[in-house]
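Enquirer: Here is a sequence together with a model predicted from it:
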Amino acid sequence: MKIIVCGSGPTGVAISKYLSEETHEIVLIDADEEQLNDMSMTMDIRTIAGNASYPDVLRKAGADKADIVIAVTDNDALNMMICQVAKAVFHVPLKIARLSNKEYGEPAFKKSLPADVLISPEDEIVSSILYNLKVSRALEVVPLENEKVSFLGILCAKGAELEGISLKNLFQKYGVYFLKLIKIIRSGVEVPLLLDSQILAGDEVYFMTPGKMIEKAVDLFQQEAFHTRRLMIFGGGSIGFLLALRLEAEKRPYQVALIEKDDHRAKEISEKLSDTLVFSGGAFDMNLLNEAQIRDMDVSIALTRDDEHNILMSILAKKNGVKRTYTLLAKSDYDSFVRELGTDVVIDASSIAVSTVLKHIHKQEVKTAYSLQSNIGEIIVASMTAQSKSVGKKALELKISGGMLCCLFRKGRLVKLTKRTVIREKDNLVLFFNLGFDRQIEKIF
């Protein structure tokens, strides 16, 4: 497909990079020519400098032949104008716009907007954090099919029940359906999933498990229980404020403190929050941190717009006794070593932004799609139609190069896969793919 992405901020760059790796034809538009030059040297995309709401700029980008326009600048009004021009002048079939102002999502406005799909990466980031807090010992958690099954990434602790176990013994003891292994990463290198391969302390283990078995699965990798009672948020911007608001609305049993460096912003959000203690000042001010009782915190979540500050805040929190730290990263520059610096959970804003648009990019059979924050690949849930090529085939005989069938749902129920299991119309398939799987999807579906 030909896709035009407007906006070269972290969201636009992440989307462009991911989709270009899926062999789509990508054109990235932004007014910052220097930024675009950097992008064109590192990605297989075409770049155009200019205002994406101008018809001549979109025409130069090939909007008359585009399948999708994705407007993800930081300006809501500009995103709307881009979609309006794409719709009225070039008749682009699908227009996706990033919007921060929640009023645009109201039914009274939504019907008259030029965008076909509205996305809010900020909302998705907050939802991801909230769910991860439920499974607090995991590196990453993705609930699927109404939480009936979940993808988990977890660090195997020293002394854990599964430390040293071979995959053969793991499957014999627990079965392949309790823990559907996807990947094991050891010191940054993938471990082959052979029967004699072992799970060692320090391994990152990624797997699927039924939703009701999550806690039991986590206990096998992490001996110590963890309970969150006191939580500190660094940054009162759109994400930090929304997280505090959602925590209050969901009546989570946490004592929440929020630190915001801007006095005016701190006062503004404190008036809108009822149960959150808001402190005004810098996050590196030890007097302020002591006043906020950082040493009593179970969890800290760094959510400012600055990746470096977020990492430093997490390091500082760890040094002051915070048991578990979450760090928001807009860019992937630090992904390979950030956990070694004092971060337990990386909140990858880029992967979350990509996931918000993937379900609208893929074929109509794809219900949902997730670009995993661990950067190991992608999970999709696909619903089989009468025309799907996989219908009538045996599930375990599906040939999926660079991926695997993880599980199958039929009428909302998880189906145990055997040699006799045949894929039917309306079945939902949960699949894992390594990056760059677009052509493979065409073969399967």
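Expert: Great, that's in hand. Numbers count the residues shown, from 1 in each chain.

Enquirer: burial count for Ser383?
Expert: By the measure other Cβ atoms under 10 Å, the count of residues near Ser383 is 17. Glycine gets a C-beta too; all of them are placed from N, C-alpha and C.

Enquirer: beta partners for it?
Expert: Asn428 (DSSP bridges).

Enquirer: and it, how far is that from Ala77?
Expert: 36 Å (Cβ to Cβ, to the nearest Å).

Enquirer: again with Ser314
Expert: Taking Cβ to Cβ, one finds Ser314 at 35 Å from Ala77.

Enquirer: Who has more neighbours out of those two?
Expert: Taking neighbours as other Cβ under 10 Å, Ser314 and Ala77 compare with Ser314 leading, 28 against 11.

Enquirer: quick one: that one is in a helix?
Expert: Yes: under DSSP: H, G, I helix; E, B strand; the rest coil, Ser314 sits within a helix.

Enquirer: what's near enough to touch the nearest residue to it once chain neighbours are set aside?
Expert: Nearest non-adjacent residue to Ser314, counting by Cβ to Cβ, 6 or more residues apart in numbering: Thr325, 4.1 Å away. Neighbouring residues of Thr325 by Cβ atoms under 8 Å, 6 or more residues apart in numbering: 299-302, 314, 317-318, 342-345.

Enquirer: out of these, which are buried?
Expert: Neighbour counting with 16 or more other Cβ atoms under 10 Å marks 299-302, 314, 317-318, 342-345 as buried within those.

Enquirer: Can you tell me which of these is closest to Arg265?
Expert: Ala302 (16.4 Å; Cβ to Cβ).

Enquirer: I'd assumed Ile315 was in contact with the closest one.
Expert: No: contact between Ala302 and Ile315 fails when scored by Cβ atoms under 8 Å: they sit 9.7 Å apart.

Enquirer: can you pull the contacts of the residue nearest to Lys60 when sequence neighbours are not counted?
Expert: The shortest distance from Lys60 to any non-neighbouring residue, by Cβ to Cβ, 6+ apart, is to Ile48 (5.7 Å). Contact analysis of Ile48 by Cβ under 8 Å, 6+ apart lists 27-29, 36, 57, 60-61.

Enquirer: repeat for Ile380
Expert: 358, 362, 366-370, 430-431, 433, 441.

Enquirer: Just put these in TSV and tack on neighbour count, secondary structure and pLDDT.
Expert: Output for the contacts of Ile380, formatted as TSV (neighbours: other Cβ atoms under 10 Å; DSSP: H, G, I helix; E, B strand; the rest coil; pLDDT from 0 to 100):
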residue	neighbour count	secondary structure	pLDDT
Leu358	21	helix	81
His362	21	coil	72
Val366	18	strand	79
Lys367	16	strand	80
Thr368	18	strand	82
Ala369	21	strand	82
Tyr370	24	strand	85
Val430	24	strand	93
Leu431	23	strand	92
Phe433	21	strand	89
Ile441	19	helix	65
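
Enquirer: Just the closest of the residues you listed to Ile376, please.
Expert: Of these, the one sitting nearest to Ile376 (Cβ to Cβ) turns out to be Phe433, at 10.1 Å.

Enquirer: what sits opposite that closest one in the beta ladder?
Expert: Glu378, Gly403.

Enquirer: do the same with Lys394
Expert: Bridge pairing for Lys394 - DSSP bridges - gives Val422.

Enquirer: ok, now how distant is it from Ala138?
Expert: From Lys394 to Ala138 the distance is 33 Å (Cβ to Cβ).

Enquirer: what do you get for Phe241?
Expert: From Phe241 to Ala138 the distance is 25 Å (Cβ to Cβ).

Enquirer: Kindly report the same for Tyr206.
Expert: Distance from Tyr206 to Ala138, by Cβ to Cβ: 10 Å.

Enquirer: who touches both of the two?
Expert: 152-153.

Enquirer: quick revisit: distance to Leu247 for the contacts of Ile380 - can I get that in TSV?
Expert: Formatted as TSV, the contacts of Ile380 follow (distance: Cβ to Cβ, whole Å):
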residue	distance to Leu247
Leu358	27
His362	33
Val366	32
Lys367	29
Thr368	25
Ala369	27
Tyr370	23
Val430	29
Leu431	33
Phe433	34
Ile441	37
